[in-house]
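Undergrad: quick check, what structure comes out for this input:
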Amino acid sequence: MSGQDDNSKPDRSGWVQLARYSQLAFVFPAATVAGWLIGAALDRWLHTTWLYLAGLILGIIAGFVELIRAALSSARK
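TA: Now for the predicted structure:
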């Protein structure tokens, strides 16, 4: 043992919380863009003109679901 008490360690819970919230800054736009890209690819493959909107909406919904999950998990802690 090094002889140091546990109070000398830096508080990492603030950094962990910052990482969780900054993750949302990337997850929400990524889910939206991924949904749009999948919808656009399906439009090209199936020769339609509306599936990109469905993919975009599903991507936005997925982003909101992840936002709600993160909010609920941080509220529990």
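Undergrad: in this protein, which helix is the longest?
TA: As assigned by DSSP state H, the longest helix anywhere in the chain is helix 13-46.
Undergrad: what's the following helix or strand after it?
TA: helix 51-76 (DSSP states H and E).
Undergrad: and the angle from that following helix to helix 13-46?
TA: Put simply, helix 51-76 runs at 160 degrees to helix 13-46, going by axes from the mean of the first three to the mean of the last three CA atoms, to 10 degrees.
Undergrad: hang on, the earlier thing: list the buried ones in the longest helix of the chain?
TA: Under the neighbour-count criterion of 16 or more other CB atoms under 10 Å, helix 13-46 has 27, 28, 31, 32, 34, 35, 36, 38, 39, 43 buried. The way it works is simple: take the backbone N, C-alpha and C, and place the C-beta from them, glycine included.
Undergrad: now stretch 61-76
TA: For stretch 61-76, the neighbour count (16+ other CB under 10 Å) marks 62, 63, 66, 70 as buried.
Undergrad: thinking again about what came up before, how far does the longest helix of the chain sit from its chain's centre?
TA: Here helix 13-46 is found 6 Å from its chain centre; the criterion is CA atoms, centre = their mean, to the nearest Å.
Undergrad: list of residues touching stretch 39-54?
TA: For stretch 39-54, the external contacting residues (CB atoms under 8 Å, 6 or more residues apart in numbering) are 36, 55, 56, 58.
Undergrad: repeat that for 6 Å
TA: Contacts with stretch 39-54, where a contact means CB atoms under 6 Å, 6 or more residues apart in numbering, come from 36, 55.
Undergrad: how far off centre is that stretch?
TA: The answer for stretch 39-54 is 24 Å, by CA atoms, centre = their mean.
Undergrad: gap between the two ends of it?
TA: The first and final residues of stretch 39-54 sit 7 Å from each other (CA to CA, to the nearest Å).
Undergrad: could I get the average pLDDT for it?
TA: Here stretch 39-54 scores 96 as its mean pLDDT.
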